[in-house]
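Enquirer: Model the structure of this input:
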Amino acid sequence: MIDKVFSSPLDALEGLSDGATIMIGGFGGAGQPTVLIDALIEHGARALTIVNNNAGNGEMGLAALIKAGRVQKIICSFPRQSDSQVFDAAYRAGRIELELVAQGNLAERIRAAGAGIGGFFTPTGFGTELARGKETRCIDGRMHVFEQPIHAEWALVMAETGDRWGNLTYRKTARNFGPIMAMAARKTVASVHQLTPPGMLDPEVIVTPGIFVRRVVQVPRMAPGLAIHKEAA
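Expert: Take a look at the predicted model:
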């Protein structure tokens with residue numbers, strides 16, 4: 001019997017080690033698996049490479065992970081905004097490395113990893129600092145830059161509904177990078193607001209099939225920081 005449900009977010013991170021590359025879903029706060037990030041902080045792993053669209057907002061979620069000194073490098077497309085003070089301070093102090101990637105390239109590099117593609121050429125970034133050191137090629141009279149896929153040991157995503165087999169659906173824009181990150185990582189942990197019995201999800205509405213999800217944990221909506229301890233939820 002396949003049952004990927006774990007009793008707590010902390011338990012679901014068992015086996016995660018220092019130096020891991022972790023993809024974290026979310027577009028700003030939308031779809032960010034805050035409870036899983038809180039569990040990651042409690043877990044204690046260090047020297048992490050984080051892949052996310054942003055570099056943290058305010059003092060919660062990814063920003064809290066950076067503030068705790070756990071992130072060695074971040075790969076993202078939008079590191080600075082009005083409330084990115086935690087990342088700003090860490091970057092200016094030389095405590096964190098930044099790899100800046102254009103947003104479309106970031107999504108495609110993640111998708112390429114999940115699809116088993118060895119890389120792709122894109123005109124985006126040619127002639128800028130983002131193309132420094134990368135292979136370039138003229139295609140149909142236009143210069144392109146070669147971009148490599150981004151792989152990860154772990155992905156942490158937030159979904160709306162899931163089942164014990166790991167099938168997932170998402171809520172509106174909270175979907176964002178979740179599906180492609182789940183495909184690109186060796187182990188995907190998904191927090192879900194609703195846990196349904198097997199067979200109740202219409203196959204036509206499943207966005208992430210369970211084959212891409214290793215662990216599932218149920219987290220009630222609007223409950224940041226809930227159930228990160230080892231007792232049963």
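Enquirer: Can you tell me the centre-most residue of the chain?
Expert: Centroid-nearest residue in the chain: Ile24, 1.9 Å away (criterion: CA atoms, centre = their mean).
Enquirer: per-residue confidence at it?
Expert: pLDDT for Ile24: 98.
Enquirer: In contact with it: list those residues for me.
Expert: By CB atoms under 8 Å, 6 or more residues apart in numbering, the residues touching Ile24 are 32-33, 36-37, 50-52, 62, 155-157, 181. The way it works is simple: take the backbone N, C-alpha and C, and place the C-beta from them, glycine included.
Enquirer: just Ile206 next, same as before
Expert: Contacts for Ile206 (CB under 8 Å, 6+ apart) come out as 167-169.
Enquirer: can you give me the helices in this protein?
Expert: Secondary structure of the chain (DSSP state H): helices located at 9-12, 34-43, 62-67, 85-92, 103-115, 178-184.
Enquirer: Columns mean neighbour count, distance to Phe78 and mean pLDDT on top of those, output as TSV?
Expert: Putting those into TSV (neighbours: other CB atoms under 10 Å; distance: least, CB to CB, whole Å; pLDDT from 0 to 100) gives the following:
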stretch	mean neighbour count	distance to Phe78	mean pLDDT
helix 9-12	24	26	97
helix 34-43	23	18	97
helix 62-67	22	12	96
helix 85-92	17	11	96
helix 103-115	19	7	98
helix 178-184	25	16	98
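Enquirer: Of all those helices, which one is nearest Pro149?
Expert: Comparing the helices of the chain against Pro149 with CB to CB, the closest turns out to be helix 103-115 (3.7 Å).
Enquirer: list the helices and strands that closest one packs on?
Expert: With contacts taken as 3 or more CB pairs under 8 Å, 6 or more residues apart in numbering; DSSP states H and E, helix 103-115 sits against strand 120-122, strand 142-147, helix 178-184.
Enquirer: so where's this protein shaky on pLDDT?
Expert: Filtered on pLDDT under 70, the chain yields the residue ranges 222-233.
Enquirer: Could you rerun that using 50?
Expert: In the predicted model of the chain, residues 223-233 satisfy pLDDT under 50.
Enquirer: Please enumerate the strands of it.
Expert: Shown for the chain, the strands assigned by DSSP state E span residues 21-24, 48-51, 71-76, 97-100, 120-122, 136-139, 142-147, 152-163, 168-169, 185-196, 215-218.
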